[in-house]
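# this is the structure alone, sequence omitted:
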C-alpha cells in the first residue's frame, strides 16, 4: 500500500501501534496509536511511510453491506458518499481503540478457514475493483458481516463523537506540481532535469522533497503510474497479452516490467494472472 491507489469500497483504518504517514489528496497526516482513518471510494490515498513497529487493521466494507443497514441521515449517511469534503483522520482514546481491536481479533480468531491467499493477491487489484470483488476470506460470512456492521457503526460513532481532528500538512507546491505533471502525461517520459525545470526548482531539491513527502523516489512513482496504466490496459483489453499490455503502458522491456510488477505485488505476473484468469504471456 506504499503507493497511491483508490478502490471502490469504503475503508476504515485503525492504528494500533507505531507511527506512519498518510497522504490524502495533497494533505499529509501523521499517524499514531489511537487514529481512525476513513477512506472513501473516490479518494486517492497513500501510506507514504511507516516505522518498523507500525501496525493497523484495514477494514473494508463492500457496498452490499450498506443494503442491510438502516443508515440514519443525521449520523451515518456520509458513509455512503464517494468523496465527501472534510478531514477523515481523527484520534480517539486508546481505550476506544482497544475495544475495536478486540472485535477485529475475535473475528479473525473465529475464522476456521485455513487456506487464505497472500495479501499481495487481494491488494493487487481484484479485491478493490480490478476485475471483481474478492470472495469472503471468512469461513462464516454471516458472522463476518455482523462483525463488520458493528465495526462500521461503532467506528463511525467514535469518530464523530470522540475524535479530535488532527493537524495536517500540505504537500510542497513543487512536489504537487510534479505529481500532476506525471499523472497528466503518462505517455511522456519525463527526466528529472526536465521535470524540475517545469516545476521551477533544482533537480536535487525536487528529488529530495519528493522522497521525503511521498515516501518513494520519482522513478518509483513513475513506474507505479505505468503499472496502473498496464492494469487499465489489461482490464479494458482482455485480448491483449501481458507483453502487449506492458509495452502499451510504456515499459521499455518485459524484464523491466517483470521486476517492477514483482516488487509491487509480491508475486510474478504469471502467478497473479493465472489466479485472476486474465491474459497469457
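Yep, it's here. Keep in mind that what you see is a predicted model, and the values were worked out from it rather than measured.
# identify each buried residue in stretch 87-102, please.
When neighbours are counted by 16 or more other C-beta atoms under 10 Å, the buried residues of stretch 87-102 are found to be 88, 89, 90, 91, 92, 96, 97, 100, 101. In this view, the C-beta of every residue, glycine as well, is placed from N, C-alpha and C.
# save those residues as JSON lines, and put in secondary structure and distance to residue 219 too.
Formatted as JSON lines, these follow (DSSP: H, G, I helix; E, B strand; the rest coil; distance: C-beta to C-beta, whole Å):
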{"residue": "88", "secondary structure": "coil", "distance to residue 219": "31"}
{"residue": "89", "secondary structure": "strand", "distance to residue 219": "29"}
{"residue": "90", "secondary structure": "strand", "distance to residue 219": "35"}
{"residue": "91", "secondary structure": "strand", "distance to residue 219": "35"}
{"residue": "92", "secondary structure": "coil", "distance to residue 219": "38"}
{"residue": "96", "secondary structure": "helix", "distance to residue 219": "41"}
{"residue": "97", "secondary structure": "helix", "distance to residue 219": "37"}
{"residue": "100", "secondary structure": "helix", "distance to residue 219": "38"}
{"residue": "101", "secondary structure": "helix", "distance to residue 219": "37"}
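# wait, which of those is closest to residue 217?
Sorting those by distance to residue 217 puts residue 89 at the head of the list, at 25.4 Å, by C-beta to C-beta.
# from memory the closest one sits against residue 35, does it?
Yes: counting by C-beta atoms under 8 Å, residue 89 does reach residue 35; the two are 6.2 Å apart.
# could you list the low-pLDDT ranges of the stretch 151-281 of the chain?
Under the criterion of pLDDT under 70, the regions of the stretch 151-281 of the chain flagged as low confidence span 165-169, 186, 275-281.
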